[in-house]
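J.: How does the following fold in three dimensions:
(2 chains)
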There are 2 protein chains.
Amino acid sequence: MIADIDGNASVSNATGKPLTKRGEATRTRLLEAAEVVFAEQGYHEASIVKITERAGIGLGTFYLYFDSKQSIFEALVIDLNRRVRHSMAEAMAGTSDRIAAERAGFAGFFRFTAQHPALYRVVREAEFVSPEVLKLHYTRIVEGYEAGLARAKESGDIDRRLDPEVTAWALMGMGELIGMRFLLWERDENGLPPAQLDERVFTAMTQMIDNALAPRREGNHDD
Amino acid sequence: MIADIDGNASVSNATGKPLTKRGEATRTRLLEAAEVVFAEQGYHEASIVKITERAGIGLGTFYLYFDSKQSIFEALVIDLNRRVRHSMAEAMAGTSDRIAAERAGFAGFFRFTAQHPALYRVVREAEFVSPEVLKLHYTRIVEGYEAGLARAKESGDIDRRLDPEVTAWALMGMGELIGMRFLLWERDENGLPPAQLDERVFTAMTQMIDNALAPRREGNHDD
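T.: Next up, the predicted model:
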């Protein structure tokens, strides 16, 4: 069961009652602790007790917000998803065209990934813990993407031959593996990823995206 | 510990002795059974007994080939990796240029994925069971890719501004998420994925790849 199907709506407690400001703060503390515990120990080793101890919150209080380890895990995926989309949207705001927006969106994605290395581990583990919430994670990111690409196609900002849905999935896949390889695998001696993607890698990636998306003038391309 | 670091070399038993023809056949039966058991039940629920029962092979015989559940899991990832690369290389053989090779390689990847839905689950679970073998899987696919792209860049078959390494990771990411969304999530009533990627999706994806890779004539592009 997915605790909060829409991460953008106001959050509620385990019985569905809307939260007070203070309740929201407690829930956020539990999710922050869950992010660390699930990322460090994995789903199987993690426990509600480890999460509440880390959050400094009583076990009884936990059950006011979540009814199981699975439900806080799902809420965490939904929360990370909401925040990564927010980070991307914020970076894209005010850009002048779709290709600039695309670059900015990726920068926002990589910045968030560097700050929350848990994102990958938790999302990948969701495949086994809760396949529904995994689908939700990818689908929500793609939906925003797809809508933006469809508008850009209409306005001629990108190649009109592109399919917005397939292109959105392809771009997300690019970001995912580039982030895995060049952020998460590049840990320093303290086990931390770099704060941002290497400039050379980012430039090379955006070169490829520019190529993929740029509008073609009629009769002015190779095929 | 990784049982067989090079999936292309001749395989050996648990003590490192090379296998006879009959020994190879037994090892293959164990790996085939492991593919089904790990994919259906996941690493934690899977057991050596379930694998040997499915393979119709005695428990004692198992230990002639692998020394633990983890070692057969790692051997399975390496074996799937060798076979998916073989499927891609076979599809690419005889293509006339890099962009045609790219299309054919993806067709080979998607065909293998449709036949071995275990590939994704096992590879994703490797992140938790054996991160080393996960890196090995991605790195081996990228290495072949990167070498091909570097040659194509030299010969002018692809845009000379592209970075072969970053481009290879980006292309692999595209394939991975397109395969996940349009093959593995599209199960029929028997729970089986379609035999091949939908034609519309494949065309849309290759359109995007053609755009990304196609050589630019000087002064003939938008930037």
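J.: and A:Ala34, how many neighbours?
T.: Number of residues near A:Ala34 (other CB atoms under 10 Å in any protein chain shown) recorded here: 26. The C-beta positions use only the backbone N, C-alpha and C, and glycine is treated the same way.
J.: Now it, what are its backbone angles?
T.: Main-chain dihedrals, A:Ala34, degrees, to the nearest 10: phi -60, psi -40.
J.: Just list the residues touching it, thanks.
T.: Shown here is A:Ala34, whose contacts under the criterion CB atoms under 8 Å, 6 or more residues apart in numbering or on different chains are A:46, A:51, A:72-73, A:75-76.
J.: helices or strands up against the strand or helix carrying A:Gly105?
T.: Element membership of A:Gly105, judged by DSSP states H and E, is helix A:98-115. If contacts are counted by 3 or more CB pairs under 8 Å, 6 or more residues apart in numbering or on different chains; DSSP states H and E, helix A:98-115 sits against helix A:69-92, helix A:118-129, helix A:131-155, helix A:164-179, helix A:199-213.
J.: Could you give me the buried positions within the longest one?
T.: Applying a neighbour-count criterion of 16 or more other CB atoms under 10 Å in any protein chain shown, the buried positions in helix A:131-155 are A:133-134, A:136-138, A:140-142, A:145-146, A:148-150, A:152-153.
J.: Now do that helix: distance to the chain's middle.
T.: With CA atoms, centre = their mean, to the nearest Å as the basis, helix A:131-155 stands 12 Å off its chain's centre.
J.: and it, what's its mean pLDDT?
T.: Across helix A:131-155, pLDDT averages out at 92.
J.: That helix to helix B:118-129, inter-axis angle?
T.: Angle, helix A:131-155 to helix B:118-129, by axes from the mean of the first three to the mean of the last three CA atoms, to 10 degrees: 110 degrees.
J.: now the last one
T.: Calculated by the same axes, to 10 degrees, helix A:199-213 forms an angle of 160 degrees with helix B:118-129.
J.: for helix A:199-213, which positions count as buried?
T.: By neighbour count on 16+ other CB under 10 Å, the buried set for helix A:199-213 is A:201-202, A:204-213.
J.: among these, which are in reach of chain B?
T.: Among those, proximity to chain B is found for A:201, A:204-205, A:207-213 (CB under 8 Å from any CB of the partner chain).
J.: looking at chain A, which helix or strand does the model trust least?
T.: Lowest by mean pLDDT, DSSP states H and E among the helices and strands of chain A is helix A:118-129, with a mean of 87.
J.: Does anything pack onto it? Which helices or strands?
T.: Counting contacts by 3+ CB pairs under 8 Å, 6+ apart, helix A:118-129 is packed against helix A:21-45, helix A:69-92, helix A:98-115, helix A:131-155, helix B:118-129.
J.: Next, format those helices as JSON lines and append distance to B:Met174.
T.: Shown next, in JSON lines, are these (distance: least, CB to CB, whole Å):
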{"stretch": "helix A:21-45", "distance to B:Met174": "26"}
{"stretch": "helix A:69-92", "distance to B:Met174": "18"}
{"stretch": "helix A:98-115", "distance to B:Met174": "14"}
{"stretch": "helix A:131-155", "distance to B:Met174": "13"}
{"stretch": "helix B:118-129", "distance to B:Met174": "15"}
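J.: so which of these comes closest to A:Gln196?
T.: Between A:Gln196 and the helices and strands packed on helix A:118-129, the tightest spacing by CB to CB is seen for helix A:98-115, at 6.0 Å.
J.: Residues contacting that closest one, please?
T.: By CB under 8 Å, 6+ apart, helix A:98-115 touches A:83-84, A:87-92, A:95, A:119-120, A:148-149, A:151-152, A:157-158, A:171, A:175, A:178-179, A:183-184, A:193-197, A:202, A:205-206, A:209-210, A:213-214.
J.: let's go with 7 Å and repeat that
T.: Contact with helix A:98-115 is made by A:83-84, A:87-88, A:90-92, A:95, A:119, A:148, A:152, A:157-158, A:175, A:179, A:183, A:193-197, A:205-206, A:209-210, A:213-214, as judged by CB atoms under 7 Å, 6 or more residues apart in numbering or on different chains.
J.: Tally up the residues packed near A:Val36, please.
T.: By other CB under 10 Å, 15 other residues sit near A:Val36.
J.: Give me the buried positions along the helix holding A:Gly105.
T.: A:98-99, A:101-114.
J.: report the angle between the axes of that helix and helix A:199-213?
T.: Between helix A:98-115 and helix A:199-213, the angle comes out at 140 degrees (the same axes, to 10 degrees).
J.: could I have helix A:98-115 exported to CSV, CA atoms only?
T.: Below are the C-alpha coordinates for helix A:98-115, written out as CSV (Å, rounded to 0.1, in the frame of the first residue of the first chain):
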residue,chain,number,x,y,z
ARG,A,98,13.9,23.7,-24.3
ILE,A,99,17.5,22.7,-24.9
ALA,A,100,18.6,25.2,-22.2
ALA,A,101,15.9,23.9,-20.0
GLU,A,102,17.1,20.3,-20.6
ARG,A,103,20.6,21.2,-19.6
ALA,A,104,19.5,23.0,-16.5
GLY,A,105,17.2,20.2,-15.5
PHE,A,106,20.0,17.7,-15.7
ALA,A,107,22.2,20.0,-13.6
GLY,A,108,19.4,20.1,-11.0
PHE,A,109,19.1,16.3,-11.1
PHE,A,110,22.8,15.7,-10.7
ARG,A,111,23.0,18.3,-7.8
PHE,A,112,20.3,16.5,-6.0
THR,A,113,21.9,13.1,-6.7
ALA,A,114,25.2,14.3,-5.3
GLN,A,115,23.4,15.5,-2.1
